[in-house]
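Peer 1: kindly generate the corresponding structure for this input.
(chains A and B)
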Amino acid sequence: MSLIKQLWIGICLILMLALGGSFFISTLAARQYLEQQLHLKNIDNATSLALSMTQMEKDPVTLELLLAAQFDSGHYQRIRLLDPQGEVIAERQYHSRDEKRIPEWFDRFLSIDTQPGIAQIQDGWQQYGSLEVLSHSRYAKEELWASTKRLLQWLLLAALLSGLVGTIILKMITRPLGHVVRQAESIGQRHFVTSKEPRTREFRKLVRAMNTLSASVKSMLEKETQKLEKLRTASQQDDLTGLSNREHFLNLLDSVITREDSEQEVAVYLVRVLNLVELNQRFGRDKVDELLLGIAHALRSHLSRPEEFSGRLNGTDFALVSFGEQTLNEGSQLLREHLEQQLSSLVADPLQIGLPMAATDLQPGESRGQLLSRLDGLLARSEQRGNRGIMVHNVDRPGGAQRNLNDWRISITQSLADSGVDLGCYAVRAGSGSLIHWERPVRLFIDGIWQNAGFFVGWARRLGVLAEIDWQVVRFAINDIREHERDSAVNISESALCDLEFRTRVLDLLKYHPVEAARLWLEFPETCAVRQMPQLKQFSTQLRELGCKVGLEHVGLEFTQIRELEGIGLDYLKIDSAIIRQADKNTANHSFIQSLCAIGHSLGIVMIAEGVLNEPERQALDALNVDGYTGPGIE
Amino acid sequence: MQQRYGDEGSAFLNAWLTLLGEQRDQPPIQQLEHINGFFNRHITFTEDQLLWREKDYWATPLQTMGVRGGDCEDFSIAKYISLLELGIPADKLRLIYVRAKTEGSVQAHMVLGYFTEPDAVPLILDNLNPDILPANKRTDLTPVFSFNSQGLWLGGQKSSSDPTARLSRWRDLLQRMREEGFH
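Peer 2: Numbering: from 1, shown residues only, chains lettered A, B, ... in the order given. Just a heads-up that it's a prediction; the model follows:
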């Protein structure tokens, strides 16, 4: 039974005891008081009438008159004059005209019994008789009935009032209690929130203790995150420029190539610093380092979206990956301008430094090796064109005509309206091989086939229809779960997360399908936790209240920038394939993965590796405490 | 009793109890003689003011016997209660307020009357005149009003804690007696 109910029962019992008890006691006391007063009146009146009669001539007519006068002018039930043998000499009796002003049951239940007053009358030395006087109890009864009614009314009012006051007090007591319970539940789900301390002393202590716990978890996480950041720097960054090192850059590139929701228009740029040795001799090492930093800075300022990245492949080569509708020529020109700006601020004659450049698009189905060798070829040709040489290789898009924005709008809306969405299906398994859930990436029917997210997602974002697509995905998933009863994970884009209407619609839908909601896993890109924290936190809490599991995908690249991870309330994380790539052969990222899993596990989060290619990779990850796997190597 | 009034008091009470025991089954006239004689001989007439420091105090029989003194009310009451104890019905007994003429002076007085029959002339038990005489032989007394405990005590079965009893001197006395063990 809940505490509130018990308190309520307690209050009701006390009220009933106090009010009911006082009602009966005061009613009974009133009755006794009235009876006593009537009895006294009977005795006194009998005595005084007997005294007068004793002093008088014992003429029957006079006596009867005296008796009648007393009776008629007073309030009597009966006056009797009895002779010494007990025979009635004279009598007056009140015959009620039956004015029933009190209910029968009340009369029976609380009848007023009065003793008659008896007094002796003497005639000289001899007895003349005795006088019996009984007052009328009707007034007393009416009075008793009226006062009982008043008392009952007042007590009911009092009960009502105290009930009201009790409710308010209970509310006041339990309001902080509700907060405390909610916080405790959150912490129970490893969702370390802090809350305001309530005024009630006991609750305050409790909340303070929980806040301390949350705070210590938080500081522990911060320390771990710092450690992780150091590891990341050591294993993934170039020491001098802070850009991704070769290993990491290639992993990121792989991740782009293999991930099916990455965009199709991927441009890769390569910049080479010519004659680095000569430059070192001419300008000195420090100046050259400055120069290299300037180039890195130029590359960074060229990145316009969080998913884009750059890296230093070796001493002289810099690479950059960008997405979007910008053509290669435009992109190269822009990059060139960025570089010129940096150079001119560093050296007097920037043109004497050779910076040839090559650019190409990623072709569908192409491997990393093919792409890089094509770029190398392009760069070699560009070097021959001089210090500012640029070689661009445009690729014709297969699978349909080139479209403009309007064509895309028509295609996507048409497809949504005609065929809706479809979901792919990939297993996510635990180390033991048991199924965690099915990953369900979105498909749209365009150009006669079901296209991967990568085919349309960039355009859909630009057109602002991602929220609508994600909404259809959630609806589809709910229906699918009801039909097949399998746990399904769907991806929710950043645009959808920031769309209030989308969030409201999803929450409303899930409220109507509690059974399905419990099997629905929703995952958001890691970038949401960095950039859309308030929305993510709120939405995640609401979703988890409805029974959903919430997670982040493509985790690792920006993980150390996430603040208050413990405050989001997450069930699982999917580690980006760039981090786990070739975990069996390359130990550079092992510490990083291990620390990541340690942090996740300390928050009760299930850690899943994305894009696992084969069994050796899986086994290596298993040794690093990863909980689950998905990817081409997992069936 | 012994604690309150000493050995003498308790001895007197024992004498009274013995007398009650002896007279239990005797004819009423003999009972009257003995009770009347017992109290008239052994109780000294004393003003209430001296005994109880009150102008008009009605003492219970136990108090009267304890201090072996009392005024006309105390005599009459003690006799009344004794006779009730011996089984004489209450409706044959009356405490009577009388006007007494003694050697030229007139005083308020109280006597106990015994009615052999309801409409007969009562026999008077008095502390001024030790003989029991019919009322018409007592030309020195004029009756004013009479009462007994009918309807109050024998008839009334009110609990002993009835707070209104204290308001009437007579009922107060009956109440105190009850607390002393009379029923």
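Peer 1: could you chop chain B up by domain?
Peer 2: B:2-148, B:149-183 (automatic domain parsing).
Peer 1: look through chain B and tell me its longest helix.
Peer 2: helix B:2-23 (DSSP state H).
Peer 1: about what we covered before: most packed of the domains of chain B?
Peer 2: Sort these by mean neighbour count, taking mean count of other Cβ atoms under 10 Å in any protein chain shown, and domain B:2-148 sits at the top with a mean of 17. From N, CA and C alone the C-beta is placed, and that goes for glycine too.
Peer 1: comparing the domains of chain B by mean pLDDT, which bottoms out?
Peer 2: Mean pLDDT across those is lowest at domain B:149-183; the value there is a mean of 63.
Peer 1: about what we covered before: how about the domains of chain B in TSV, adding distance to chain A?
Peer 2: Listed next are these as TSV, based on distance: least, Cβ to the nearest Cβ, whole Å:
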stretch	distance to chain A
domain B:2-148	3
domain B:149-183	3
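Peer 1: and the pLDDT for residue A:619?
Peer 2: At residue A:619, pLDDT is 90.
Peer 1: check the gap between it and chain B for me.
Peer 2: In this view, residue A:619 and chain B are 96 Å apart by Cβ to the nearest Cβ, to the nearest Å.
Peer 1: check which helix or strand covers that residue.
Peer 2: In this assignment (DSSP states H and E), residue A:619 forms part of helix A:615-623.
Peer 1: quick one: distance of that helix to the chain centre.
Peer 2: Once both centres are worked out by Cα atoms, centre = their mean, to the nearest Å, helix A:615-623 turns out to sit 36 Å from its chain's centre.
Peer 1: in that helix, what's buried?
Peer 2: Buried residues in helix A:615-623, counted by 16 or more other Cβ atoms under 10 Å in any protein chain shown: A:617, A:618, A:620, A:621.
Peer 1: thinking the first one is in contact with residue A:586, fair?
Peer 2: No. The pair residue A:617 and residue A:586 fails to qualify as a contact (Cβ atoms under 8 Å) at a distance of 10.3 Å.
Peer 1: would you mind extracting the C-alpha trace of the helix or strand harbouring residue A:507 into PDB?
Peer 2: Residue A:507 belongs to helix A:500-512 when assigned by DSSP H and E. The C-alpha trace of helix A:500-512 is given here as PDB (Å, rounded to 0.1, in the frame of the first residue of the first chain):
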ATOM      1  CA  LEU A 500       9.200  19.800 -31.500                       C
ATOM      2  CA  GLU A 501       6.300  18.500 -33.600                       C
ATOM      3  CA  PHE A 502       8.100  15.300 -34.300                       C
ATOM      4  CA  ARG A 503       8.900  14.700 -30.600                       C
ATOM      5  CA  THR A 504       5.300  15.400 -29.600                       C
ATOM      6  CA  ARG A 505       3.900  13.100 -32.300                       C
ATOM      7  CA  VAL A 506       6.300  10.300 -31.400                       C
ATOM      8  CA  LEU A 507       5.500  10.600 -27.700                       C
ATOM      9  CA  ASP A 508       1.800  10.500 -28.400                       C
ATOM     10  CA  LEU A 509       2.100   7.500 -30.600                       C
ATOM     11  CA  LEU A 510       4.200   5.600 -28.000                       C
ATOM     12  CA  LYS A 511       1.700   6.400 -25.300                       C
ATOM     13  CA  TYR A 512      -0.900   4.400 -27.300                       C
END
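Peer 1: closest to the centroid, which residue in chain A?
Peer 2: residue A:541 (2.8 Å; Cα atoms, centre = their mean).
Peer 1: so it sits in a helix?
Peer 2: Yes. Assessed with DSSP: H, G, I helix; E, B strand; the rest coil, residue A:541 lies in a helix.
Peer 1: what about it, distance to chain B?
Peer 2: Distance from residue A:541 to chain B, by Cβ to the nearest Cβ: 70 Å.
Peer 1: one step back: the longest helix of chain B: how far from the chain's middle?
Peer 2: Its chain's C-alpha centre and that of helix B:2-23 lie 17 Å apart, by Cα atoms, centre = their mean.
Peer 1: which other helices and strands does the helix or strand that comes right after it contact?
Peer 2: Scanning forward in sequence from helix B:2-23 by DSSP H and E, the next helix or strand is helix B:28-42. Using 3 or more Cβ pairs under 8 Å, 6 or more residues apart in numbering or on different chains; DSSP states H and E as the contact definition, the elements that helix B:28-42 packs against are helix B:2-23, helix B:72-85, strand B:123-125.
Peer 1: columns distance to residue A:357 on top of those, output as CSV?
Peer 2: Formatted as CSV, these follow (distance: least, Cβ to Cβ, whole Å):
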stretch, distance to residue A:357
helix B:2-23, 129
helix B:72-85, 138
strand B:123-125, 150
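Peer 1: now do the contacts for the residue of the stretch 151-300 of chain A found nearest chain B.
Peer 2: Of the residues in the stretch 151-300 of chain A, the one nearest chain B is residue A:151, at a distance of 22.4 Å by Cβ to the nearest Cβ. Each residue near residue A:151 by Cβ atoms under 8 Å, 6 or more residues apart in numbering or on different chains is listed here: A:23, A:26, A:27.
Peer 1: got the domains of chain B as a markdown table, with distance to residue A:501 columns?
Peer 2: As requested, these are exported to a markdown table (distance: least, Cβ to Cβ, whole Å):
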| stretch | distance to residue A:501 |
| --- | --- |
| domain B:2-148 | 98 |
| domain B:149-183 | 81 |
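Peer 1: tell me the phi and psi of the residue in the stretch 101-250 of chain A that chain B sits nearest to?
Peer 2: Going by Cβ to the nearest Cβ, chain B is nearest to residue A:118 of the stretch 101-250 of chain A, at 3.0 Å. Phi and psi for residue A:118, reported as degrees, to the nearest 10, are phi -120, psi 140.
Peer 1: repeat for residue A:464
Peer 2: According to degrees, to the nearest 10, residue A:464 has phi 70, psi 30.
Peer 1: so where's the stretch 401-550 of chain A shaky on pLDDT?
Peer 2: Scanning the stretch 401-550 of chain A for pLDDT under 70 picks out A:401-403.
Peer 1: switch the cut-off to 90
Peer 2: In the predicted model, the stretch 401-550 of chain A carries pLDDT under 90 at residues A:401-425, A:431-433, A:444-465, A:485, A:494-495, A:526-534, A:541, A:545.
Peer 1: okay, strands next: where are they in it?
Peer 2: Listed in chain order, the strands of the stretch 401-550 of chain A (DSSP state E, counting those that start in this stretch) span A:421-423, A:426-430, A:435-439, A:442-446, A:449-451, A:488-491, A:520-525, A:549-555.
Peer 1: so which of those strands comes closest to chain B?
Peer 2: Taking the strands of the stretch 401-550 of chain A one by one with Cβ to the nearest Cβ, strand A:549-555 is closest: 76.9 Å.
Peer 1: contact residues of chain A facing chain B?
Peer 2: A:36-37, A:39-40, A:43, A:46-47, A:50-51, A:54, A:83-85, A:115-120, A:122, A:124-127, A:130, A:132 (Cβ under 8 Å from any Cβ of the partner chain).
Peer 1: which of these are buried?
Peer 2: Among those, the ones that count as buried by 16+ other Cβ under 10 Å are A:36, A:39-40, A:43, A:46-47, A:50-51, A:54, A:84, A:115-120, A:122, A:125-127, A:130, A:132.
Peer 1: looking at those residues, which are in helices?
Peer 2: Using DSSP H, these in helices are A:36, A:39, A:40, A:43, A:46, A:47, A:50, A:51, A:54.
Peer 1: could those go into CSV alongside pLDDT?
Peer 2: As requested, those are exported to CSV (pLDDT from 0 to 100):
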residue, pLDDT
A:36, 86
A:39, 87
A:40, 87
A:43, 87
A:46, 90
A:47, 88
A:50, 89
A:51, 87
A:54, 87
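Peer 1: returning to that earlier point: pipe the strands of the stretch 401-550 of chain A into JSON lines and attach distance to residue A:249 per row.
Peer 2: Formatted as JSON lines, the strands of the stretch 401-550 of chain A follow (distance: least, Cβ to Cβ, whole Å):
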{"stretch": "strand A:421-423", "distance to residue A:249": "32"}
{"stretch": "strand A:426-430", "distance to residue A:249": "26"}
{"stretch": "strand A:435-439", "distance to residue A:249": "26"}
{"stretch": "strand A:442-446", "distance to residue A:249": "28"}
{"stretch": "strand A:449-451", "distance to residue A:249": "28"}
{"stretch": "strand A:488-491", "distance to residue A:249": "25"}
{"stretch": "strand A:520-525", "distance to residue A:249": "20"}
{"stretch": "strand A:549-555", "distance to residue A:249": "16"}
